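Asker: Sharing a model prediction with you, sequence too.
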Amino acid sequence: MDTYTLRPDRFDRAGQDQLVDVRDLQAALPGIRRLRDWAHDALALRPGEHALDIGSGTGTEVMAFADAVGPGGAAVGVEPDPNLLASAERRAAQTGSPAKFHSGDAYGLPFGAGSFDAALCERVFQHLTAPNRAANEIARVLRPGGRVVVVDSDWGTAIVHPGERQVVREVVDTLISATTNPFSGRRLPGQLTKAGLVIDDIGSHALVQDRTVGVGSLVTRISAMAVARGVITEEQRDRLVEDLEAGAASGDIHLSVTMFAVLAHKPN
């Protein structure tokens, strides 16, 4: 079983339309793998524990949790998209996994207080209009001593090279303005602390796009949005694309964003 299959980001109805799709993340898959390894090591699931994945997508992480907690434990995923939920249930049935899935979102987890020993929430908070509410829900469903890893991007760390400095700045600012909670990564510790959790560790990893991808779909879309906003001209966008394509050909290209993972626990 591939426990690193990418899943779409989750966002609430009041948030911005999803900008980062699976194609963008596919180019940075090694970085996501390393950060997920960090998350699994940090949670350190034990046999018999109850584990939750919030925004579980196609269910790969929940099935990995099920293997870790064994027959005496429970692994549960919560997913608001009915199609992804059905896909996860099919995959679990096909592999004989005991993983279970429920419809729900980060604002209203369908479980009683103190239901879980461990939880994971990956790439959800950046799309939430009320992330503090989601942090409170995580704290509510954790048992005393229970731990959680929340993983998210911080689009203020985005790097686009090469390119004219002012043009790159406007493109990155356009991405930030079009994201519901663009600085989510740096805000996670404060939000979890406000919810009553204790921060134990913080990990990070720069997701670096494979240079063979060239300009990439995200920069292509966002630079077009920057033109539509009137902050750069069509000619400046064309020159940026040319610079990036030339950089990809020569090896002088860098496109990245940093993701942060925060480990916290609920005090006894």
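Answerer: Cool, the structure landed.
Asker: residues contacting Ser204?
Answerer: Taking CB atoms under 8 Å, 6 or more residues apart in numbering, we find Ser204 in contact with 35, 185, 258-261. From N, CA and C alone the C-beta is placed, and that goes for glycine too.
Asker: Separate out the buried members of those residues.
Answerer: 35, 185, 258-261 (16 or more other CB atoms under 10 Å).
Asker: quick revisit: pick out whichever of the contacts of Ser204 sits closest to Glu49.
Answerer: Taking CB to CB as the measure, Ala261 is the one of the contacts of Ser204 closest to Glu49, at 19.5 Å.
Asker: which SS class is the closest one?
Answerer: Under DSSP: H, G, I helix; E, B strand; the rest coil, the three-state class of Ala261 is strand.
Asker: For it, give the beta-bridge partners.
Answerer: Per DSSP bridges, the residues bridged to Ala261 are Val151, Gly203.
Asker: Which helix or which strand is home to the nearest residue to Gly108 once chain neighbours are set aside?
Answerer: The spatially closest residue to Gly108, leaving aside those adjacent along the chain, is Glu137, at 7.1 Å (CB to CB, 6 or more residues apart in numbering). Secondary-structure element containing Glu137, defined by DSSP states H and E: helix 131-141.
Asker: packing partners for that helix?
Answerer: Counting by 3 or more CB pairs under 8 Å, 6 or more residues apart in numbering; DSSP states H and E, the packing neighbours recorded for helix 131-141 are strand 50-54, strand 116-122, strand 142-161, helix 184-194.
Asker: Between those, which one is closest to Asp210.
Answerer: Of all these, the one in closest proximity to Asp210, counting by CB to CB, is strand 142-161 (14.6 Å).
Asker: Name the residues of the closest one that are buried.
Answerer: The neighbour-count criterion (16+ other CB under 10 Å) identifies 142-143, 146-158, 160 as the buried residues of strand 142-161.
Asker: Then stretch 31-51?
Answerer: Buried residues in stretch 31-51, counted by 16+ other CB under 10 Å: 31-32, 35-36, 38-40, 42-43, 45, 49-51.
Asker: Mind checking what secondary structure Ser56 has?
Answerer: The local conformation at Ser56, judged by three-state DSSP, is coil.
Asker: Just the local confidence number for the closest residue to it other than its chain neighbours, please.
Answerer: Of all residues beyond its chain neighbours, the one nearest Ser56 is Gly77 (2.8 Å), with distances taken as CB to CB, 6+ apart. Per-residue confidence for Gly77 comes out at a pLDDT of 97.
Asker: again, but for Thr5
Answerer: What the model reports as pLDDT for Thr5 is 42.
Asker: do the same with Gly57
Answerer: The predicted local confidence for Gly57 comes out at a pLDDT of 86.
Asker: Does it touch Val78 like I think?
Answerer: No. Using CB atoms under 8 Å as the test, Gly57 is too far from Val78 to be in contact (10.5 Å).
Asker: of these two, who's got more company?
Answerer: Comparing Gly57 with Val78 by neighbour count (other CB atoms under 10 Å), the higher total belongs to Val78, at 26 against 23.
Asker: Let's verify that one: helix, strand, or coil?
Answerer: strand.
Asker: show me the contacts for Ala74.
Answerer: With contact taken as CB under 8 Å, 6+ apart, Ala74 is in contact with 50-51, 98, 100.
Asker: how about 10 Å then?
Answerer: Residues counted as contacts of Ala74 (CB atoms under 10 Å, 6 or more residues apart in numbering) are 48-52, 65-66, 98-100, 115-117.
Asker: Mind picking the one among the residues you listed that's closest to Arg221?
Answerer: Checking the contacts of Ala74 against Arg221 with CB to CB, the nearest one is Leu52 at 32.9 Å.
Asker: can you name the two of the buried residues of strand 142-161 that are farthest apart?
Answerer: Comparing all pairs in these by CB to CB, the longest separation belongs to Arg143 and Val160, at 43.3 Å.
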